[in-house]
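Q: Output the structure for:
(chains A and B)
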2 protein chains.
Amino acid sequence: MIKKIPVVSQILSANDQVAAENRAQLDAAGVFVLNLMASPGAGKTSLILATAERLPDHIRPGVIEGDLASSIDADTIAAHGIPVVQINTGGNCHLDAPMVRSALPHLPLTALDLLFIENVGNLICPAEFALGADLAVVVASVSEGHDKPYKYPGMFAAADVVLLNKADLSEVFEFDLDYFKRGLAMVNPGVPFFVLSCRTGSSVDAWVAWLVARLLARLTARMERKGV
Amino acid sequence: MIKKIPVVSQILSANDQVAAENRAQLDAAGVFVLNLMASPGAGKTSLILATAERLPDHIRPGVIEGDLASSIDADTIAAHGIPVVQINTGGNCHLDAPMVRSALPHLPLTALDLLFIENVGNLICPAEFALGADLAVVVASVSEGHDKPYKYPGMFAAADVVLLNKADLSEVFEFDLDYFKRGLAMVNPGVPFFVLSCRTGSSVDAWVAWLVARLLARLTARMERKGV
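A: Just a heads-up that it's a prediction; the model follows:
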């Protein structure tokens, strides 16, 4: 007779372990967290600013900026009066959970409700590293072309929500939205999807309304757990 | 007295060793090789097509397409009657020299003069892996924004030539060309630089003339080595 040993727990990788700790810390502080992933120049920073300015007053944003080098994005965010920490990965092609952990003490967590983590511009590697976020947000843009879900399936499959930015330029780029949506449906059926333009502000409201609803649902669940 | 041991040869990494073999094989076949690197959707495939159609008749192009998944780009190239091999990396974020080596037997090398290797769309990782190319070509695009050399210094430092595509949309994207050029000069002073549009064809001729001159110079050097 073969003795079976039940697997009672999944062994977490070192990164996943730290990501779980990040999430516990952020959840305890009442902070809802987005991991923004995209190609270089898709508009992650523009999305943060367009979203932040449309948030209800009682939802206070903060930002962690991830870049190989420079503090260009953090400077832009700071100029809008939003608390921000810059991580320079020094060549590393993605953020990982320990990097985020090292950034958290530099943010006023108890004074934040929503934390944007802007990952390194890269449509491949960041998808493989959990950070401790509540939602993986993938930002595509019309200028990159309509074939991206077919060519970068891993990233689009990892998304909890997909935003298609620069929609005001769809005609210029002869963007085939149906083709894009078919590709997205192949790799991530039913994923929430918003077509918008951070430059013109078009349809940003719909995304923000969805996001706020998710944030409030999480907050409610947390309060119920605590028996409030 | 301290005895000094001279370092007479650099130990090549396994990838560099294969890259050197690729280069020797391609050089022996008389093929000039470009490693095209860029963000997703910057226009690498469009550049290949725009370049190929402007080549003198006696310079015969071929293509290796690198993608995580799909054969979209290879199908596009093949539809133009150009010999092409598709490499699917299956999630790997860059091409490496062994992948290129495995593709070479599938190309009619003796009937080619110019081989484009279109790397995976990624502005970080591909710069770290030699393939055996003569030139590292980095394709940036106006729609990605003018801050890319500051944010992705490793890629721009690795370039032998930089092309800025989608220049016809500079106004739409409020692209600051001087700022881009200052960043590029910081990480790679004096690198050859062309501003062009593959969509309109604007200034593609200047890049092709430069490329053909480089190819012919290499051919002449090879013939002199052989005492032709």
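Q: Going along the chain, name the strands of chain A.
A: A:32-38, A:61-67, A:84-88, A:114-118, A:135-141, A:161-165, A:193-195 (DSSP state E).
Q: I'd like to know which of the ones you listed is closest to chain B.
A: Minimum separation from chain B across the strands of chain A (CB to the nearest CB) falls at strand A:61-67, 5.3 Å. Every C-beta, even on glycine, is put in place using the N, C-alpha and C of the backbone.
Q: Pull the number of nearby residues for A:R218.
A: Around A:R218 there are 17 other residues, counting by other CB atoms under 10 Å in any protein chain shown.
Q: Test my guess that it contacts A:F32.
A: Yes: contact criterion CB atoms under 8 Å: A:R218 and A:F32 qualify, at 5.6 Å.
Q: Residues that sit against both of those two, list them.
A: A:D134 (CB atoms under 8 Å, 6 or more residues apart in numbering or on different chains).
Q: Let's see stretch A:217-225 as PDB, backbone CA atoms only.
A: The C-alpha coordinates for stretch A:217-225 follow below in PDB (Å, rounded to 0.1, in the frame of the first residue of the first chain):
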ATOM      1  CA  ALA A 217     -16.000  46.700  -2.000                       C
ATOM      2  CA  ARG A 218     -12.600  45.800  -0.500                       C
ATOM      3  CA  LEU A 219     -12.900  48.300   2.200                       C
ATOM      4  CA  THR A 220     -16.400  47.000   3.100                       C
ATOM      5  CA  ALA A 221     -15.100  43.400   3.200                       C
ATOM      6  CA  ARG A 222     -12.300  44.500   5.500                       C
ATOM      7  CA  MET A 223     -14.700  46.200   7.900                       C
ATOM      8  CA  GLU A 224     -16.900  43.200   8.000                       C
ATOM      9  CA  ARG A 225     -14.000  40.900   8.800                       C
END
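Q: got the residues of chain A near chain B?
A: A:39-41, A:67-70, A:72, A:91, A:93, A:120-125, A:141, A:143-145, A:147-148, A:150-154, A:166, A:169, A:172 (CB under 8 Å from any CB of the partner chain).
Q: would you turn the strands of chain A into CSV with mean pLDDT and distance to B:S203?
A: Output for the strands of chain A, formatted as CSV (pLDDT from 0 to 100; distance: least, CB to CB, whole Å):
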stretch, mean pLDDT, distance to B:S203
strand A:32-38, 98, 28
strand A:61-67, 98, 30
strand A:84-88, 97, 34
strand A:114-118, 98, 33
strand A:135-141, 98, 24
strand A:161-165, 98, 28
strand A:193-195, 98, 32
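Q: Redo those as a markdown table? Include mean neighbour count and distance to B:D160.
A: A markdown table is the format used below for the strands of chain A (neighbours: other CB atoms under 10 Å in any protein chain shown; distance: least, CB to CB, whole Å):
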| stretch | mean neighbour count | distance to B:D160 |
| --- | --- | --- |
| strand A:32-38 | 27 | 28 |
| strand A:61-67 | 26 | 25 |
| strand A:84-88 | 21 | 26 |
| strand A:114-118 | 25 | 31 |
| strand A:135-141 | 26 | 28 |
| strand A:161-165 | 24 | 32 |
| strand A:193-195 | 19 | 39 |
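Q: Contacts only, for the closest residue to A:L219 other than its chain neighbours.
A: Distances taken as CB to CB, 6 or more residues apart in numbering or on different chains place A:G30 nearest to A:L219, at 7.1 Å, with adjacent residues excluded. The contact partners of A:G30, taken as CB under 8 Å, 6+ apart, are A:110, A:113, A:219, A:222.
Q: What's the local residue count around A:A217?
A: Around A:A217 there are 11 residues (other CB under 10 Å).
Q: what about it, distance to A:F129?
A: To A:F129, A:A217 is 26 Å away according to CB to CB, to the nearest Å.
Q: and what of A:Q25?
A: In terms of CB to CB, A:Q25 sits 18 Å off from A:F129.
Q: Tell me which of those two has more neighbours.
A: Using other CB under 10 Å as the criterion, A:Q25 and A:F129 rank with A:F129 on top: 21 against 15.
Q: Poorly predicted segments of chain A, please.
A: A:1-12, A:228 (pLDDT under 70).
Q: ok, now with 90
A: Applying pLDDT under 90 to chain A picks out residues A:1-13, A:219-228.
Q: In contact with A:P83: list those residues for me.
A: A:62-63, A:107-108, A:111-112.
Q: just to revisit the earlier point, minimum distance to B:I77: which of the strands of chain A has it?
A: strand A:135-141 (23.5 Å; CB to CB).
Q: Report all helices and strands that that closest one contacts.
A: The contact analysis (3 or more CB pairs under 8 Å, 6 or more residues apart in numbering or on different chains; DSSP states H and E) places strand A:135-141 against strand A:32-38, strand A:161-165.
Q: For A:L34, give the beta-bridge partners.
A: A:F116, A:L135 (DSSP bridges).
Q: Go ahead and confirm it touches A:V137.
A: Yes: checked against CB under 8 Å, the pair A:L34 and A:V137 is within contact range at 5.0 Å.
Q: Which of the contacts of A:G30 are buried, as a PyMOL select command?
A: Typed into PyMOL, the next command selects the buried ones out of the contacts of A:G30 (criterion: 16 or more other CB atoms under 10 Å in any protein chain shown):
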select buried, chain A and resi 113
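Q: Nearest to chain B among the contacts of A:G30?
A: Looking across the contacts of A:G30 and measuring by CB to the nearest CB, the closest to chain B is A:D113, at 28.3 Å.
Q: sorry, back to before: among the contacts of A:G30, name the ones in helices.
A: A:219, A:222 (DSSP state H).
Q: Dump the contacts of A:G30 into CSV; add distance to A:Q17 as well.
A: Shown next, in CSV, are those (distance: CB to CB, whole Å):
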residue, distance to A:Q17
A:T110, 24
A:D113, 26
A:L219, 26
A:R222, 22
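Q: List the contacts of A:N165.
A: Neighbouring residues of A:N165 by CB under 8 Å, 6+ apart: A:42-43, A:46-47, A:139-142, A:196-198.
Q: what about it, distance to A:E144?
A: 9 Å.
Q: what do those two both touch?
A: A:A42.
Q: how about the helices in chain A?
A: Applying DSSP H to chain A gives helices spanning A:14-28, A:44-52, A:72-78, A:97-103, A:148-151, A:153-157, A:177-187, A:204-225.
Q: And the fourth one, what's buried?
A: Within helix A:97-103, the residues that count as buried by 16+ other CB under 10 Å are A:97-101, A:103.
Q: helices or strands next to it in the packing?
A: Against helix A:97-103 (3+ CB pairs under 8 Å, 6+ apart) you get helix A:14-28, strand A:61-67, strand A:84-88.
Q: export the shortest one as PDB, just CAs?
A: Below are the C-alpha coordinates for strand A:84-88, written out as PDB (Å, rounded to 0.1, in the frame of the first residue of the first chain):
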ATOM      1  CA  VAL A  84       5.700  59.400  -4.300                       C
ATOM      2  CA  VAL A  85       8.700  57.200  -3.900                       C
ATOM      3  CA  GLN A  86      11.100  56.500  -6.800                       C
ATOM      4  CA  ILE A  87      12.700  53.100  -7.100                       C
ATOM      5  CA  ASN A  88      15.600  52.900  -9.600                       C
END
